[in-house]
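Sharing a model that was predicted from the sequence below.
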Amino acid sequence: MEQLPGDMTSRLQKKLDSIQRLFLLYITGAYRTTPTVALQVVTCLQPLHLQIQQEAIYVRVARARSSSNFFTVIFSPTDYESKSSGILFTPIFF
């Protein structure tokens, strides 16, 4: 996998997990012995480090218009629609 701005060390991942865990415990009202992964499943939230990598890929593909890969999936800007250049039809012609 190529190096992205969203790639991070395991230490940073653990820090993000601990921050997210506090909010997940508050949201669910679960016991503090509940595993973080179980809290993420119950709240339908993905781990923050994966969300950051996903956002970095989106920025690279959609805004920078360059190819990127996430694990085994390759994302290419040509696979997605480009921004509209303007209005093609106006109500005056109807």
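That came through fine. This one's a predicted model, so the numbers in the text were calculated from it and none came from an experiment. Residues are numbered from 1 along each chain as shown.

Of all the helix elements in this structure, which one is longest?
helix 10-28 (DSSP state H).

Pairing partners for the helix or strand hosting N69, with directions?
Here N69 is covered by strand 68-70, with elements defined by DSSP states H and E. Here strand 68-70 has these sheet partners by DSSP bridges: strand 73-75 (antiparallel).

ok, and what's touching the strand it pairs with?
With CB atoms under 8 Å, 6 or more residues apart in numbering as the test, strand 73-75 has contacts from 57, 61, 67-69. Any C-beta I mention is one placed from the backbone N, CA and C, and that applies to glycine too.

buried residues in it?
For strand 73-75, the neighbour count (16 or more other CB atoms under 10 Å) marks F75 as buried.

cool, stretch 34-44 as well?
39-40.

Stretch 68-82 now?
Neighbour-count burial for stretch 68-82 [16+ other CB under 10 Å]: 68, 70, 75.

Alpha carbons of that stretch, as PDB, please.
Provided in PDB are the C-alpha atoms of stretch 68-82 (Å, rounded to 0.1, in the frame of the first residue of the first chain):
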ATOM      1  CA  SER A  68      -5.000   5.800  -5.100                       C
ATOM      2  CA  ASN A  69      -5.500   2.400  -3.500                       C
ATOM      3  CA  PHE A  70      -7.000   1.300  -0.200                       C
ATOM      4  CA  PHE A  71      -5.800  -2.200   0.700                       C
ATOM      5  CA  THR A  72      -6.600  -4.100  -2.500                       C
ATOM      6  CA  VAL A  73      -9.100  -1.700  -4.100                       C
ATOM      7  CA  ILE A  74      -7.800   0.800  -6.700                       C
ATOM      8  CA  PHE A  75      -9.600   4.100  -7.000                       C
ATOM      9  CA  SER A  76      -9.200   6.100 -10.200                       C
ATOM     10  CA  PRO A  77     -10.500   9.600 -10.900                       C
ATOM     11  CA  THR A  78     -11.900   8.400 -14.300                       C
ATOM     12  CA  ASP A  79     -14.300   6.000 -12.400                       C
ATOM     13  CA  TYR A  80     -16.200   8.900 -10.900                       C
ATOM     14  CA  GLU A  81     -18.200  11.800 -12.400                       C
ATOM     15  CA  SER A  82     -16.400  15.100 -12.800                       C
END
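
Thank you kindly, that will do.
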